[in-house]
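Participant: What shape does this take:
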Amino acid sequence: MSRSALLVAFVALLLAPALATAQTTEPVGTESDDETTVSRAYDNPAALTDGLFGVYAFGFIDESESQAAGTLRTVPRIFAAGLTSELEDGEFVLEDPIEVPGTPIGDDSTVTRMGFIMFGTFDGEVVLLAVRQGTWVQVLAGIGAGNVDVQAELEAIATTLQPRWPSDSPIAVRTDGLRTGGIWDMMPMPEDMPAGFELDPVAEEGPAATVSVTVPVPPAPTGQQPGPTPEATIRDIPLFPTPTPADMPPAETETPATLPTPTPSTPVEDVATPAPNPRLAMPFDVTVEIFLPLEMTTISEEDGSCIGTGLLDGLATDGSLMLVGAQAPASAATAPLTGPGVVAYDTEAGQEICYFSAVFTDVPPRAAYTLLADESVIGWYTYDELSGADRVLVELGGE
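Facilitator: Numbering: from 1, shown residues only. Below you'll find the predicted structure:
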């Protein structure tokens, strides 16, 4: 399963109920051939309208730190786009994703938050916490509402797991059927979760055990519930405003002067065409340029051209870019890449990059847009940012 498809698959699990898991020494979930991707999920049956409903964890191993730095930022974008396309149906409305400050974890970390409104009255938030250590990237996605700080809960879990990975230990099956060791050490165990959470085996997927030894489940400390304490300090959670155009002042009206009846000896003066109302947004043209580090590309031995890899494999010779309206996903503008990726030198960054470009024409006006290469989200823009510029530069893979 590709990374993009894996992330979209998680979307269907966000509001799904947990399934009971039998205690067994057989591995829970799916054994995959991909040794660089892993996933696990937990649900909280007690949180019906208040609390942390679920935590969905997934991890990746990249070939270089530069590529992992790109994954750290592109994966939350793809996950957010998947949530928007799969869940937003009028009854479940998501706010625009925003990156917010967080507790530093690992070599680098990011926090992305999205508010949501369900049935017009019930509101909450989705939080994505991504952590990079070396070439490994861990992402924890949480959804909650009411008197809960989703970000603080995820940071507590991630901090608990941080010393365990990257890990070169063999993968083994515990007596409860969960796999541990290696890439699985990025995934939280039941004892790492707040009390009351249950494993959802539907999301359990990753490489098989490499040893036949069965590992015992560690006992919980006496008189203490396992996992982060649910009495975490509650922060004031800011609102997620939806960008709306500023109210326009009422247009001033003037009483037109009475014009004389034209006669052959009295020529009629030309009447100037009135300026468009400033509330009107018009279609526009824009050129998008993409700078991609060579560590995130593959270079052709035949002609020296370059293409994106992993989540950015849509950046290829026959690829295209798409601008999708945030408020009207059905309205989209597509532009083919102007040619194969070209290896060039970025004078500001002081490194070689793979350069792509695409020219959009007659883009329909919308308040905001999502820029995609195939299924991968590579940017968000407002109407003013795109229509007011002839060229837009997208730099991928930077810290």
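Participant: Retrieve the pLDDT associated with P201.
Facilitator: Reading off the confidence values, P201 has pLDDT 91.
Participant: Backbone dihedrals for it, please?
Facilitator: Here is the backbone geometry of P201 (degrees, to the nearest 10): phi -70, psi -20.
Participant: hang on, isn't it packed against G29?
Facilitator: Yes: if you go by Cβ atoms under 8 Å, P201 and G29 touch, sitting 5.2 Å apart. Just so you know, the C-beta spots here come from the backbone N, C-alpha and C atoms, and that holds for glycine as well.
Participant: who's in contact with the strand or helix carrying M322?
Facilitator: Assigned by DSSP states H and E, M322 falls within strand 320-325. Strand 320-325 has contacts (Cβ atoms under 8 Å, 6 or more residues apart in numbering) with 288, 314, 331-337, 358, 360, 363-364, 366-373, 386.
Participant: Select only the buried ones of those residues in PyMOL?
Facilitator: Here is the PyMOL command that selects the buried residues among the contacts of strand 320-325 (16 or more other Cβ atoms under 10 Å):
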select buried, resi 288+314+332+333+335+337+358+360+363+366+367+368+369+370+371+372+373+386
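Participant: List the ones among the contacts of strand 320-325 that fall in strands.
Facilitator: Members of those lying in strands (criterion: DSSP state E): 288, 332-336, 358, 360, 363, 368-373.
Participant: pLDDT check: weakest of the residues you listed?
Facilitator: Among these, A332 carries the weakest pLDDT, at 76.
Participant: Report the beta-bridge partners for that one.
Facilitator: On the basis of DSSP bridges, A332 is bridged to V324.
Participant: Check the one 5 residues further on too.
Facilitator: The partner list for L337 in beta bridges (DSSP bridges) reads A358.
Participant: Just confirm it contacts I307, I think it does.
Facilitator: No: contact criterion Cβ under 8 Å: L337 and I307 do not qualify, at 10.0 Å.
Participant: what comes up buried for the strand holding M322?
Facilitator: For strand 320-325, by 16+ other Cβ under 10 Å, it's L321, M322, L323, V324, G325.
Participant: From A68, how far out is the fourth one?
Facilitator: Read it as V324. Distance from V324 to A68, counting by Cβ to Cβ, to the nearest Å: 27 Å.
Participant: and stretch 30-48, how far apart are its ends?
Facilitator: 28 Å (Cα to Cα, to the nearest Å).
Participant: what is the mean pLDDT for it?
Facilitator: 91.
Participant: quick one, what contacts the spatially closest residue to D200 that is not a sequence neighbour?
Facilitator: Nearest non-adjacent residue to D200, counting by Cβ to Cβ, 6 or more residues apart in numbering: A41, 4.3 Å away. For A41, the contact set (Cβ under 8 Å, 6+ apart) comprises F10, L13, G54, V55, Y56, A57, L199, D200, V202, A203, E204.
Participant: ok, 7 Å please
Facilitator: With contact set as Cβ atoms under 7 Å, 6 or more residues apart in numbering, A41 has these partners: L13, G54, Y56, A57, D200, A203.
Participant: wait, which of the buried residues of strand 320-325 is closest to T160?
Facilitator: Closest approach to T160 among the buried residues of strand 320-325 (Cβ to Cβ): V324, at 37.5 Å.
Participant: in the chain, what secondary structure element scores lowest on mean pLDDT?
Facilitator: Every helix and strand of the chain was ranked by mean pLDDT, DSSP states H and E. The lowest is helix 3-11, at a mean of 45.
Participant: for the next helix or strand after it, which positions count as buried?
Facilitator: Under the assignment DSSP H and E, the closest C-terminal helix or strand after helix 3-11 is strand 30-32. By neighbour count on 16+ other Cβ under 10 Å, the buried set for strand 30-32 is S32.
Participant: which other residues reach strand 30-32?
Facilitator: Outside of strand 30-32, the residues within contact range by Cβ under 7 Å, 6+ apart are E204, E205, G206, P207, A208.
Participant: So which of the residues you listed wins on neighbours?
Facilitator: Using other Cβ atoms under 10 Å as the neighbour criterion, G206 leads the contacts of strand 30-32 with 25 neighbours.
Participant: ok, back up a step: filter the contacts of A41 down to just the ones in strands.
Facilitator: Reading strands off those with DSSP E, I get G54, Y56, A57.
Participant: and A344, what element?
Facilitator: Assessed by DSSP H and E, A344 sits inside strand 342-346.
Participant: Next: A152.
Facilitator: A152 belongs to helix 150-161 when elements are defined using DSSP H and E.
Participant: list the contacts for the nearest residue to P340 once chain neighbours are set aside?
Facilitator: Sequence neighbours aside, S305 is the residue nearest to P340 in space, at 3.7 Å (criterion: Cβ to Cβ, 6+ apart). Residues near S305 by Cβ under 7 Å, 6+ apart: T317, P340, G341, V342.
Participant: okay, now the third one: neighbour count?
Facilitator: The one in question is G341. The burial count for G341: 26, using other Cβ under 10 Å.
Participant: cool, and A281?
Facilitator: 15.
Participant: Name the nearest residue to it, sequence neighbours excluded.
Facilitator: The nearest residue in space to A281 (Cβ to Cβ, 6+ apart) is P365, at 3.5 Å.
Participant: now the one you found: how far from D384?
Facilitator: Distance, P365 to D384, by Cβ to Cβ: 11 Å.
Participant: who's more crowded, those two?
Facilitator: P365 (15 against 11).
Participant: hang on, A358 packs against T334?
Facilitator: No: between A358 and T334 there is no contact under Cβ atoms under 7 Å: 9.0 Å.
Participant: so is V137 in a helix, a strand, or just coil?
Facilitator: Classification of V137 using DSSP: H, G, I helix; E, B strand; the rest coil returns strand.
Participant: what's the spacing between stretch 336-352 and its chain's center?
Facilitator: When distances are taken as Cα atoms, centre = their mean, to the nearest Å, stretch 336-352 is centred 25 Å away from the chain's centroid.
Participant: Name the residues that touch it?
Facilitator: For stretch 336-352, the external contacting residues (Cβ under 7 Å, 6+ apart) are 291, 293-294, 297, 299, 304-307, 315, 317, 319-321, 353-359.
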